[in-house]
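S.K.: Sequence first, predicted coordinates after that:
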Amino acid sequence: MAEISPAELSDRLRDGDDESGDSFVLDIRHRREYDEWHVPDSVNVDVYDELTDDPEMAKDDLKDLPDDRKIVTVCAAGVVSQTATEVLRKMGYDASTLVDGMNGWSRVYWTAPIPTDLEGTLVQVARPGKGCLSHVLISDGDAAVFDPSHYLEEYDEILDAHDAELVGVFDTDAHADHVSGGAELAKRHDVPYSLHPEDALEIDATSVEDGDVIKIGSVDVEVIHTPGHSEGSVSFDLEGEALLTGDTLFHESVGRVELGVEAELEESDIEGNAATLYESLQRLLDRPDDALVLPTHDPGSPEPPVTATLGDVREQNADLNRDREEFVETLASDIPDHPPNFERVKRTNVGQEDVPDEKLSELELGPNRCAAE
């Protein structure tokens, strides 16, 4: 069976390095699944049912695909897309299957430096298959990692490339959409793992509190307690140059306020969380307009660096233009679909559930849904 690895497809799409022709990524899943979560620039032809029931029936919908490009078929786990590849090759197309489908794509990482005037380097690590963004700050040979996923090799490679020593790992909250690698990364390097105590329910973590200033090399990192998305949500201000806003503030939305309540990890109610989030956002809006807002998520298959100034976010983010009453009413009443397995993911991240390593990837699969809208 002709196959292509997620890493190879990633290199083709990002670098345009495809000596034998451009790739054409064909997603054969149902349209709703494609709309929620897909490889960037892929094309959806919904023939999943046909390929499952009678592959011959899919040929009519596939006959107009470009015959001068290398077709990569994609489904959720790389199983039905194998049937698509077989059908396409019989039709004369140069086709291959993305190994593990979207499951494999969720393990791909892209990195890029973020331009700042910090006395050091700030690297953004994007996971386009999950819409996750994490950050590595390097200064004077020291490094800190913020919001790492549980695939840790990428972070170690960044540390090696900069000849930096990891001195701390931080999470902005106990995430609901992906399994944190923070505690494990810190354990590997024998450094502190830090999380606000309101979110560190049953996990061994160093406490970070509002107003704390943490020195990473020559860079001061200020902790801002910004609850609402979760009771322990924090943001990190890197000397007014960058704001790591976690799930509190996105470029075009804000964090959801019901996940911790519905996972039965918080005693607060949804309306109260929305009101709390409103106040937290006011604290962030007091920061310099030219500070870069760097959230932990961007659902649109992010190509790093994903940045926007606080001034631009203020203008383009409709949630920030609502008064308190409208803000609370909107967030408490308009609840989008939940992230997959969010209750178990959150319980894992607060230390209440122990999931075997081989099950972590399966647990967090699916689209990112941490934004309120």
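M.R.: Happy to help now that I have it.

S.K.: Pull the number of nearby residues for Asp334.
M.R.: Neighbour count for Asp334, taken as other CB atoms under 10 Å: 9. Every C-beta, even on glycine, is put in place using the N, C-alpha and C of the backbone.

S.K.: try Ala77
M.R.: Ala77 has 15 neighbouring residues, counting by other CB under 10 Å.

S.K.: Name the nearest residue to it, ignoring sequence neighbours.
M.R.: Gly101 (4.8 Å; CB to CB, 6 or more residues apart in numbering).

S.K.: so that neighbour makes contact with Gly78?
M.R.: Yes: using CB atoms under 8 Å, Gly101 is in contact with Gly78, at 3.9 Å.

S.K.: okay, these two: which has more neighbours?
M.R.: Neighbour totals were compared for Gly101 and Gly78, and Gly101 leads with 25 against 22 (other CB under 10 Å).

S.K.: And the pLDDT for the more buried one?
M.R.: Per-residue pLDDT puts Gly101 at 93.

S.K.: Next, give phi and psi for it.
M.R.: Main-chain dihedrals, Gly101, degrees, to the nearest 10: phi 50, psi -140.

S.K.: how close does it get to Tyr278?
M.R.: Using CB to CB, to the nearest Å, Gly101 is found at 40 Å from Tyr278.

S.K.: Could you do Val234 as well?
M.R.: From Val234 to Tyr278 the distance is 17 Å (CB to CB).

S.K.: Which one's more surrounded, those two?
M.R.: Taking neighbours as other CB under 10 Å, Val234 and Tyr278 compare with Val234 leading, 28 against 22.

S.K.: residue ranges with poor pLDDT in this protein?
M.R.: Across the chain, the ranges flagged by pLDDT under 70 are 15-21, 263, 336, 338, 365-373.

S.K.: Please parse this protein into its domains.
M.R.: Listed by automatic domain parsing, the domain ranges of the chain are 3-105, 110-364.

S.K.: Check which residues of stretch 180-187 are buried.
M.R.: 180-186 (16 or more other CB atoms under 10 Å).

S.K.: next one: stretch 52-64
M.R.: Buried residues in stretch 52-64, counted by 16+ other CB under 10 Å: 55, 58, 62.

S.K.: measure the last one to Gly232 for me?
M.R.: Distance from Leu62 to Gly232, counting by CB to CB: 49 Å.

S.K.: What of the second one?
M.R.: Ala58 sits at a distance of 49 Å from Gly232 (criterion: CB to CB).

S.K.: thinking again about what came up before, and the buried residues of stretch 180-187 as CSV, adding secondary structure and distance to Glu157?
M.R.: Listed next are the buried residues of stretch 180-187 as CSV, based on DSSP: H, G, I helix; E, B strand; the rest coil; distance: CB to CB, whole Å:
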residue, secondary structure, distance to Glu157
Ser180, strand, 19
Gly181, coil, 14
Gly182, helix, 17
Ala183, helix, 20
Glu184, helix, 16
Leu185, helix, 13
Ala186, helix, 17
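
S.K.: Now for Val25, how many residues are close by?
M.R.: With neighbours defined by other CB under 10 Å, the count for Val25 comes to 23.

S.K.: Could you do Glu202 as well?
M.R.: Residues near Glu202, counting by other CB under 10 Å, number 9.

S.K.: try Ala7
M.R.: Residues near Ala7, counting by other CB under 10 Å, number 13.

S.K.: Likewise for Asp212?
M.R.: When neighbours are defined as other CB under 10 Å, Asp212 has 16 of them.

S.K.: just the one 5 residues further on next, same as before
M.R.: When neighbours are counted by other CB under 10 Å, Gly217 registers 20.

S.K.: Kindly report the same for the one 4 residues further on.
M.R.: Residues lying near Val221 (other CB under 10 Å) number 22.

S.K.: Torsion angles phi and psi at it?
M.R.: Torsion angles, degrees, to the nearest 10, at Val221: phi -110, psi 110.

S.K.: Run through the residues that contact it.
M.R.: By CB atoms under 8 Å, 6 or more residues apart in numbering, the contact set of Val221 is 137, 144, 213-215, 236-238.

S.K.: so where do the strands sit in the stretch 151-300 of the chain?
M.R.: 165-170, 193-195, 206-207, 213-216, 219-225, 234-238, 242-246, 292-295 (DSSP state E, counting those that start in this stretch).

S.K.: Just send the ones you listed back as a markdown table, with distance to Val125 too.
M.R.: A markdown table is the format used below for these (distance: least, CB to CB, whole Å):
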| stretch | distance to Val125 |
| --- | --- |
| strand 165-170 | 13 |
| strand 193-195 | 17 |
| strand 206-207 | 22 |
| strand 213-216 | 16 |
| strand 219-225 | 17 |
| strand 234-238 | 15 |
| strand 242-246 | 12 |
| strand 292-295 | 11 |
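
S.K.: Relative to Asn349, which of these is closest?
M.R.: strand 193-195 (8.7 Å; CB to CB).

S.K.: Just want the most central residue of the chain.
M.R.: Central residue check for the chain by CA atoms, centre = their mean: the C-alpha nearest the mean position is that of Cys132, 1.1 Å away.

S.K.: so what's the residue nearest to Ala77 up against?
M.R.: 74-79, 81.

S.K.: still on that earlier bit, who wins for neighbours among the contacts of Val221?
M.R.: Leu137 (28 neighbours).

S.K.: just to revisit the earlier point, bridging residues for the residue nearest to the centre of the chain?
M.R.: As for beta bridges, Cys132 partners with Arg127, His297 under DSSP bridges.

S.K.: cool, Ser96 as well?
M.R.: Under the criterion used (DSSP bridges), Ser96 bridges to Val72.

S.K.: Tell me how far it lies from Glu353.
M.R.: 37 Å.

S.K.: if you count what's nearby, which of these two comes out ahead?
M.R.: When Ser96 and Glu353 are compared on other CB under 10 Å, the one with more neighbours turns out to be Ser96, at 22 against 14.

S.K.: Give me the distance between that one and Ile71.
M.R.: Separation of Ser96 from Ile71 (CB to CB) stands at 7 Å.
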